[in-house]
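J.: Fold the stuff below for me.
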Amino acid sequence: MTDNGIELLAPAGKWDVLEAVAGAGADAVYLGGKRFNMRMLKPDFNFSDQELSDSVRFLHGQNKKIYVTINNLYYESEINQLADYLTFLQEISVDALIIQDVALIKLHKQLGLSTPLHASVQMGTASSASIDFLKSWGIERAILSKNLSLEEIRSIYNATGMALEYFAHGDLCVSHAGQCYMSSFACDKSGNRGMCVKPCRWPYQLEGLGYFEDPQYYLAHNDLCLFHCVKLLRDAGVVSFKLEGRMRSAEYLSDLVGSYRAALDGLQGSNSKEELDAAYKRLYDRRIREFTAGNLFSRPGLDAIDPSGSREPLFISTPFPLKRLSAEDYTAGTAVGNSEAALSVKVGSLSVLPALVDMGIDSLILGLEDMRQDTATWNADDIAAAATICQGSQTRVVVETPRIVTEENIPELKQRLEALQDIAIQAVMVNDFGSLQLARDMGFTVWSSYGLNITNSRAADFGRDNALQRITLSLELSLAKLRQALSDSHDDLEVLVQGPLCGMISDLCVPRFSHGEEPGFCASYCMFDQYSLVDELGQKYRLRSDENCRNYIYYPYEQCMIEYLPELVQRGVRHFRIDGQFYDDQLLLATVKIYQQALDSVTKGSGDLRESYEALLDIFPGGLCLNDAKED
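T.: Just a heads-up that it's a prediction; the model follows:
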């Protein structure tokens, strides 16, 4: 580590790479074992348990640190093995564990371990409120979201004093980390488990406003390079500069580390301008994709994407037919009887609320994400009106915070929640830990939405430890994995059974990009027509935009789990969610009625819901789907 406490953190996937990056000037190395990490696509990468132990001795002998990645989301069947692995890593004295799944925080405490925990970039840590939450659970370092601006990084550091790590170089995903589910929806290969098939690297045609040209790589992000920004980042509070590339060669990474070593040494005057220019030239000459500064100075624009795909090193997949439900896919469930079940419905229209209240809906979810198409903006007056409509009924009003809340969004979110403190809402439903911290501190009852990525019982227990009174399970759970997660069922769990599936959330505005406009100017093209990305097989991925000009990219087909209601009820699920915020009133009421009748039938002992299933197929001609992949 440099004299001023700034760390250069390098990746390694093999022993020769470990030696190379250490020799090139890395202060610390992060790597993964043969189990439980995000880089499992190639079996010859990552370190055996013996190699991990040897790596600790090798790096500690040079006064360098070693951080081990345990940064997946985990399934129920993996929890016991994880406990043994965490204990082993402490016994060999690794310097920190890089984690995504909050189940590991729970396990870490239950096992009485002392190895420091670092929050992975996959946690999507993007606000000082999130940092405050993580600090309260003993997290010692946060690897910040790559989607933050320099000013947001500075604000987070000034507010929290947390040791901040930030990616300085390497691959960039077009989606916010931790919230990209498209690969999981398509083939049960989760980006949150390092198995992504990279649909962002497929060619698409853009449809909308008469715009339909030859396929381009609209989502193919260029590579991050912040070589010239290390002083700005250091001054903003970054103490660890992280380089991406755990599956790169020793030659490539030693050059990369050497270049950034020169940049960081240059902060202390150890290198001349000529030496720094030469270091950057070596970096540039060996680039894989073109370079971008990411979100550091502005939202991504034309220079952030390579629509030609000409420098893409490896297209690991091509578009394939996506499974669409048909009448032949129906399977009758087992009769249950003598049970209870309740529906929550996310709505986008005040006008439909009286009818839903009359139908006896348990909870109405009003979203604060302020989408620019197809839905109302739920301001305090409308939420108060919704509460008045529900007054005297069994129906409760729940407000849901946006999927993405960064540091710049926190003041507005806080102001909006403050305006609701005197309104009779049941709960605030959150998608990130910063919103959880904010809502809880303001005295609201808090529920979790699927953005928290709860995939196992220990993670759910962690939520309960943090006062979550309703927990929506992750959308990434296939039916098989959902069965695992429900093996230790509680009556506070909720499952999304019907609704559109948002696969990516991006700061890139594709409609603006298609018209050649840079960030900073918005002609509201997204409001003039319905935009979609269309893959080479003609499958359409609908685009929507929020008020922050983030693009939400939707899977072509909508989730439908109606045939599995008997099984879910039998396994203890009592809360079922319909995301109907984009449905018109007529479609929403028809959908809710079908599910109400189905749940009523299930709780009275029937397992045959074919009629309900086929009714949904009829009213959703665009197609329905079910994440029903088999076990890995």
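J.: What about residue 522, how many residues nearby?
T.: Here the number of neighbours of residue 522 (other CB atoms under 10 Å) works out to 14. Every residue, glycine included, has its C-beta placed from N, CA and C.
J.: Hmm, residue 545 and it touching each other?
T.: No. With contact defined as CB atoms under 8 Å, residue 522 does not count as touching residue 545 (9.5 Å).
J.: shared neighbours of those two, which are they?
T.: With contacts defined as CB atoms under 8 Å, 6 or more residues apart in numbering, the residues shared by residue 522 and residue 545 are residue 509.
J.: ranges for the helices of the stretch 501-632 of the chain?
T.: Assigned helices in the stretch 501-632 of the chain, in chain order: 510-514, 565-570, 585-603, 610-619 (criterion: DSSP state H, counting those that start in this stretch).
J.: Same question for the stretch 101-250 of the chain.
T.: Here the stretch 101-250 of the chain has its helices, by DSSP H, counting those that start in this stretch, at 103-110, 128-136, 150-160, 182-187, 230-236, 250-266.
J.: can I get the ones you listed in JSON lines with mean neighbour count?
T.: As requested, the helices of the stretch 101-250 of the chain are exported to JSON lines (neighbours: other CB atoms under 10 Å):
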{"stretch": "helix 103-110", "mean neighbour count": "20"}
{"stretch": "helix 128-136", "mean neighbour count": "22"}
{"stretch": "helix 150-160", "mean neighbour count": "19"}
{"stretch": "helix 182-187", "mean neighbour count": "24"}
{"stretch": "helix 230-236", "mean neighbour count": "17"}
{"stretch": "helix 250-266", "mean neighbour count": "21"}
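J.: Please tabulate those helices in a markdown table, including the columns mean pLDDT.
T.: Supplementary listing: these in a markdown table, determined by pLDDT from 0 to 100:
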| stretch | mean pLDDT |
| --- | --- |
| helix 103-110 | 97 |
| helix 128-136 | 98 |
| helix 150-160 | 98 |
| helix 182-187 | 95 |
| helix 230-236 | 97 |
| helix 250-266 | 96 |
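J.: of all those, which lies closest to residue 457?
T.: Comparison of those against residue 457 by CB to CB identifies helix 103-110 as nearest, at 8.1 Å.
J.: now the angle from the closest one to helix 128-136?
T.: Put simply, helix 103-110 runs at 30 degrees to helix 128-136, going by axes from the mean of the first three to the mean of the last three CA atoms, to 10 degrees.
J.: contact partners of helix 103-110?
T.: Outside helix 103-110, the residues within contact range by CB under 8 Å, 6+ apart are 70, 74, 79, 82-83, 86, 97, 99, 115, 117, 137-139, 456, 458-459, 461-462, 465.
J.: do stretch 543-554 as well
T.: Stretch 543-554 is contacted from outside by 175, 182, 208, 219, 299, 369-374, 377, 402-404, 409, 500-512, 522, 526, 531-533, 541-542, 582, using CB under 8 Å, 6+ apart.
J.: Which of those are buried? Put it as a PyMOL command.
T.: Typed into PyMOL, the line below selects the buried ones among these, using 16 or more other CB atoms under 10 Å:
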select buried, resi 175+182+208+219+299+369+370+371+373+402+403+404+409+500+501+502+503+504+505+506+507+508+509+510+511+512+526+531+532+533+541+542+582
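J.: Filter the contacts of stretch 543-554 down to the ones in strands?
T.: By the criterion of DSSP state E, membership of these in strands covers 502-506, 532-533, 541-542.
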